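Participant: from the sequence below, what's the structure:
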Amino acid sequence: MTTEFEHLQAAHCENGVTTNLLQSAGATQLTEPLVFGIGSGLFYVQLPFLVINNGPAIAFRTMPGLIFKRTCDALGIPVFRKKFSSRESGKKYLDDCLAKGQPVGAQVGVYYLTYFPKEYRFHFNAHNMIVFGKEDDRYLISDPVMETPTSLTEYELERVRFAKGAFAPRGQIYYPLEKRIITNEQVAKAIVKGIKRNVTHMLRIPGNIAGVKGIAGTGKKIKKWKAKLGDEKAGLYLAQLVRMQEEIGTGGGGFRYIYGAFLQESHAFHPIDELLDISKIFTEAGDKWRTAAVQAAGIYKGRIGSQADYDVMGDYLIEISEIEKKAFQALSKVKWNS
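Facilitator: Have a look, this model is predicted:
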């Protein structure tokens, strides 16, 4: 059971799966940055009530699955998505799709992915891949973060599809229901919709855990971590922040570089020069996030660690909050041509 399928490498898994599936379904204009922006992928949140891998639940992107859903909705592409109550039903449905030549997106856990280097495996259940065929007892896998296609045995795929823990995938698969030709006008309208939603999410969510206020809120918390948590636990928290920012296919800088690229590519559909200027602000934010990551690494690796070092780290995030606030406020004032 194999189907013609062209592997596409990408910085981030859900971006890559979405781009690849939708290109195959007829939306040939789409790129990873366009998918990320149309899907309003940029975000920031720290959930104080949830701990993952001995660290805070921090995300630099929207909830898993929403980039695919929002992009398809914005372009008028119907989709199918299903979770399964048993491994047997999940395997049968997948095999039926492949027998029909239908490649599918799959949400999986990272920890047991045998083709991942050990240092990249941790308990994270929101990874995405494409299953596009089966040869003997091996499923053919297009994982966007890998350079070439790979494969998993029936047992290996079942293990990651039904991984347990936070955001357990429950065998989830998804795919576009039909092929459609997507016009540039549709893409242009989807771009505006995606940007307006992202502006709302980053500027207008109340409280201090999400959006630009959430970034500043985390910065203020970091200044208290040394005294409140002790050096060892504070180090684990900072390591978690860096992992989610730099090590899970974000394109660097917590997806800020990808969003800057999205605004640059949007200029071809909306020739508004402010988009290019605002793109540079997101690149600046990405640079500052990387500077903060270097500071955090110095602390959790024990090279530095005074209260002043934590204060510097916290101030970086407070500064980033202001940079991103400026960028999103500028986006909110763009006069769209259509």
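
Participant: isn't G211 right next to V199, touching?
Facilitator: No - the criterion here is CB atoms under 8 Å, and G211 misses it with V199 at 9.9 Å. The way it works is simple: take the backbone N, C-alpha and C, and place the C-beta from them, glycine included.

Participant: for the one helix or strand L47 maps to, which outside residues touch it?
Facilitator: Assessed by DSSP states H and E, L47 sits inside strand 42-52. Residues from elsewhere that reach strand 42-52 (CB atoms under 8 Å, 6 or more residues apart in numbering): 36, 56-62, 123-124, 166, 198, 201-202, 209-212, 214-215, 217-218, 221, 240, 254-256, 259.

Participant: alpha carbons of it, as CSV, please.
Facilitator: The C-alpha coordinates for strand 42-52 follow below in CSV (Å, rounded to 0.1, in the frame of the first residue of the first chain):
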residue,chain,number,x,y,z
LEU,A,42,2.3,32.6,16.8
PHE,A,43,1.5,32.7,20.5
TYR,A,44,2.9,32.7,24.0
VAL,A,45,1.4,31.1,27.1
GLN,A,46,2.7,29.8,30.4
LEU,A,47,0.2,27.6,32.2
PRO,A,48,0.9,27.9,36.0
PHE,A,49,-1.2,24.8,36.9
LEU,A,50,0.6,22.4,34.5
VAL,A,51,4.1,20.9,34.8
ILE,A,52,5.7,19.0,31.8
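
Participant: quick one: it to chain centroid distance?
Facilitator: 14 Å (CA atoms, centre = their mean, to the nearest Å).

Participant: if I pick T31, what's in contact with it?
Facilitator: T19, E265.

Participant: and what of M202?
Facilitator: So M202 contacts L42, F43, Y44, G211, V212, E324, F328 (CB under 8 Å, 6+ apart).

Participant: tell me which element it falls in.
Facilitator: Applying DSSP H and E, one finds M202 within helix 184-203.

Participant: swap in A59?
Facilitator: Element membership of A59, judged by DSSP H and E, is strand 55-61.

Participant: packing partners for that strand?
Facilitator: With contacts taken as 3 or more CB pairs under 8 Å, 6 or more residues apart in numbering; DSSP states H and E, strand 55-61 sits against strand 42-52, helix 231-246.

Participant: now with 10 Å?
Facilitator: Applying 3 or more CB pairs under 10 Å, 6 or more residues apart in numbering; DSSP states H and E, one finds that strand 55-61 makes contact with strand 42-52, helix 211-229, helix 231-246, helix 256-266.

Participant: after the last one comes which helix or strand?
Facilitator: Along the chain past helix 256-266, the next helix or strand (assigned with DSSP H and E) turns out to be helix 273-300.

Participant: from the chain's centre, how far out does that following helix sit?
Facilitator: Relative to where its chain is centred, helix 273-300 has its mean C-alpha point 17 Å off (CA atoms, centre = their mean).

Participant: try stretch 188-205
Facilitator: Worked out by CA atoms, centre = their mean, stretch 188-205 lies 16 Å from the chain centre.

Participant: find the centremost residue of the protein, please.
Facilitator: Central residue of the chain (CA atoms, centre = their mean): R61, 5.0 Å from the mean position.

Participant: now do the same contact list for that one.
Facilitator: Listed by CB atoms under 10 Å, 6 or more residues apart in numbering, the contact set of R61 reads 12, 14-15, 36, 39-45, 67, 126, 244, 248-250, 254-255, 258-259.

Participant: go again using 8 Å as the cut-off
Facilitator: H12, G41, L42, F43, I67, T250, F255.

Participant: same check on K100?
Facilitator: K100 neighbours (CB under 8 Å, 6+ apart): none.

Participant: circling back to that earlier point, quick one, the strand holding L47 and strand 55-61 angle?
Facilitator: Calculated by axes from the mean of the first three to the mean of the last three CA atoms, to 10 degrees, strand 42-52 forms an angle of 160 degrees with strand 55-61.
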